[in-house]
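Q: Need a 3D model of the sequence below.
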Amino acid sequence: MVELKTDTSIDAMHAAGQVVGRALTAVRDAAAVGVSLLELDEVARAVLREAGASSPFLGYRPSFAPTPFPAVICASVNDAIVHGIPGRYRLRDGDLVSIDCGAVLDGWAGDSAISFTVGRPRPADLRLIDTAERALAAGIAAAVPGNRIGDIAHAVGRACREAGYGIPHGFGGHGIGRRMHEDPDVPNEGRPGRGLPLRPGMVLAIEPMLVASGKDAYYEASDGWTLRTSDGSRAAHVEHTVAVTESGPRILTARVTP
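A: Prediction:
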C-alpha cells in the first residue's frame, strides 16, 4: 500500500533529508587518499549524532542478508555497485566511490547517495558519474502528477542506455516515509505510461545504478551484502528522496553547497 504524505509530513521528511545531505557532504569532504572506509562511516555517524537522528541502515537486515548491516553508510568502491560494508580499506588515488546514507529524524526517513572520485580522476569515471547524475535528474523530472512509475523508470533507463551503460537488473528505487523502504518499487528501466499513477503526496527514492562496461551482470560478494560487477568494471550510484507535489518534484535530500 502506498501512503500519501501530507505537506506537514513532507516538511518533516525534508528535515531528515537535510541531515542526510550534510552527512554525505561531510563524507565526500573527508574522503582522501589514505582515509579508510571505517573513518568515513565515523564522519557520517558524527553528523547523525549532532542532528539527533538515527540511522535506518545500522542493524538493518532484509531477508537476503546473512547478518545485520553494521554501519550507517554503504561505501562501494570501484567495481562495487551498492551495499558495500565500510571496512579497513584505505582509499587510493583514482578510486571511484559511491556512498549511500540514510537518516531518521522525528520518525521520518531520508535516503540519498553520491558517487565521486578520489585523487586524480579517470575521465571515464567522470563521464560515468555525470551520466548517473543526468539519469537521476531525468527521473526526478518525470516525478509529476499524471505520470506513472514507468515514466520515471523509462527516463532513468534511457539516459543510462543511450550512454552505453549497464543497469543491474532487479535493483532500483523505492517508496519512503516512516520506513526507509516502502511501496512502490521504482525500477531503473521500464516502459513509459505503465505502472502506478503518480499522485501528490507520494515520496520516492529514485536511485540510478550504472555499470561502465554496458553489461548488466553482477554477483553478491562473500559478505552477503556487496553487489559487484561481474566483469570487474566500475559502477556509479546516485540517489535523492523526492516528493511528488502539485507544483512539481520536490527534492528532500538536496545538498547545500557552502
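
Q: Which strand residues bridge the residue nearest to Glu182 when sequence neighbours are not counted?
A: Closest residue to Glu182 apart from its sequence neighbours, by Cβ to Cβ, 6 or more residues apart in numbering: Gly175 at 3.7 Å. Where C-beta positions appear, they are placed from N, C-alpha and C, glycine not excepted. Beta-bridge pairing for Gly175 (DSSP bridges): Glu182, Leu204.

Q: same deal with Met209?
A: Where Met209 sits in a bridge, its partners, by DSSP bridges, are His237.

Q: Show the contacting residues for it.
A: Ile81, Val82, Ala132, Ile167, Pro168, Phe171, Gly172, Asn188, Ala235, Ala236, His237 (Cβ atoms under 8 Å, 6 or more residues apart in numbering).

Q: Would you mind putting those residues into TSV with secondary structure and neighbour count alongside?
A: Shown next, in TSV, are these (DSSP: H, G, I helix; E, B strand; the rest coil; neighbours: other Cβ atoms under 10 Å):
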residue	secondary structure	neighbour count
Ile81	strand	22
Val82	strand	21
Ala132	helix	28
Ile167	coil	22
Pro168	coil	21
Phe171	coil	17
Gly172	coil	24
Asn188	coil	26
Ala235	strand	28
Ala236	strand	30
His237	strand	28
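
Q: who's in contact with the residue nearest to Glu182?
A: Val2, Glu3, His181, Glu182, Asp183, Pro184, Asp185, Val186, Met202, Val203, Leu204, Ala205.

Q: let's see 10 Å
A: 1-3, 149, 181-186, 196, 202-205 (Cβ atoms under 10 Å, 6 or more residues apart in numbering).

Q: Assess the claim that Leu252 and Val244 are in contact.
A: No - assessed by Cβ atoms under 10 Å, Leu252 is found out of contact with Val244, at 11.2 Å.

Q: neighbour count winner among the two?
A: Set Leu252 next to Val244 and count neighbours by other Cβ atoms under 10 Å: Leu252 wins out with 27 against 23.

Q: can you count the residues close to the nearest residue to the more buried one once chain neighbours are set aside?
A: Once flanking residues are discounted, Leu252 sits nearest to Gly17: 3.7 Å by Cβ to Cβ, 6+ apart. By other Cβ under 10 Å, the residues close to Gly17 number 31.

Q: Would you agree Gly17 is in contact with Asp111?
A: Yes - using Cβ under 10 Å, Gly17 makes contact with Asp111 at a distance of 8.2 Å.

Q: Give me the common contacts of these two.
A: In contact with both Gly17 and Asp111: Gly102, Ala103, Ile176, His240, Thr241, Leu252, Thr253, using Cβ under 10 Å, 6+ apart.

Q: ok, and the most crowded of those?
A: Gly102 (33 neighbours).

Q: tell me which element it is part of?
A: Counting by DSSP states H and E, the element that carries Gly102 is strand 96-105.

Q: and that strand, what does it pack onto?
A: Counting contacts by 3 or more Cβ pairs under 10 Å, 6 or more residues apart in numbering; DSSP states H and E, strand 96-105 packs against helix 7-30, helix 37-51, strand 73-77, strand 80-82, strand 108-117, helix 123-141, strand 235-237.

Q: Could you tell me the angle between it and strand 108-117?
A: 170 degrees (axes from the mean of the first three to the mean of the last three Cα atoms, to 10 degrees).
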